[in-house]
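Undergrad: the following comprises the amino acid sequence and a computationally predicted model.
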Amino acid sequence: MSEHSHLGRSTAGQPWLYVWDVEPYGTANGGECGVTGDESAAIGHLRRALGNAPPGTAGAVSRVRPSPSGRAVYIYLGTVAQGRRDQASGVVIYS
């Protein structure tokens, strides 16, 4: 049986969450990151952050779930989307 469902939960009943993380190129200021239960919203945050970031910046959205250990950590289940702002042209490229 697949662990995927249309309700954003695994078949084990744990919620899926989506983490976005954007690391700006050439700066020590840190990047943008966050967590949401909405995959589309996470991808929207990635697009907005990359669009406002300097060329060379890269980012990704990953599907995660809370660790059953009770600690404040996530179990990463894979990359949903990734992109980068091209160094030469400044165009945002998704893969």
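TA: Yep, that arrived. Residues are numbered from 1 along each chain as shown.

Undergrad: show me where this structure has strands.
TA: Shown for the chain, the strands assigned by DSSP state E span residues 17-23, 32-36, 58-66, 74-85, 92-94.

Undergrad: mind listing what's buried in stretch 50-59?
TA: When neighbours are counted by 16 or more other C-beta atoms under 10 Å, the buried residues of stretch 50-59 are found to be 50, 53, 55-59. (C-beta placed from N, C-alpha, C; glycine too.)

Undergrad: quick one: terminal-to-terminal distance for it?
TA: Between the opening and closing residues of stretch 50-59 we find a distance of 7 Å, counting by C-alpha to C-alpha, to the nearest Å.

Undergrad: what mean pLDDT does it have?
TA: If you average the pLDDT over stretch 50-59, you get 92.

Undergrad: ok now that stretch, how far from the chain's centre?
TA: Relative to the chain's own centre, stretch 50-59 is displaced by 14 Å; criterion: C-alpha atoms, centre = their mean, to the nearest Å.

Undergrad: kindly report the same for stretch 77-93.
TA: Per C-alpha atoms, centre = their mean, the centroid offset for stretch 77-93 relative to its chain is 11 Å.

Undergrad: which residues touch that stretch?
TA: Applying C-beta atoms under 8 Å, 6 or more residues apart in numbering, the external contacts of stretch 77-93 come out as 16, 18, 25, 39, 42-43, 46-47, 50-51, 53-65, 94-95.

Undergrad: pLDDT below threshold where in the protein?
TA: Applying pLDDT under 70 to the chain flags the ranges 1-12, 28.

Undergrad: so for it, which residue is the most central one in space?
TA: Nearest to the geometric centre of the chain sits residue 61, at 1.8 Å (C-alpha atoms, centre = their mean).

Undergrad: okay, and the beta partners of it?
TA: Counting by DSSP bridges, residue 61 forms beta bridges with residue 20, residue 81.

Undergrad: surely it is in contact with residue 20?
TA: Yes - using C-beta atoms under 8 Å, residue 61 makes contact with residue 20 at a distance of 4.8 Å.
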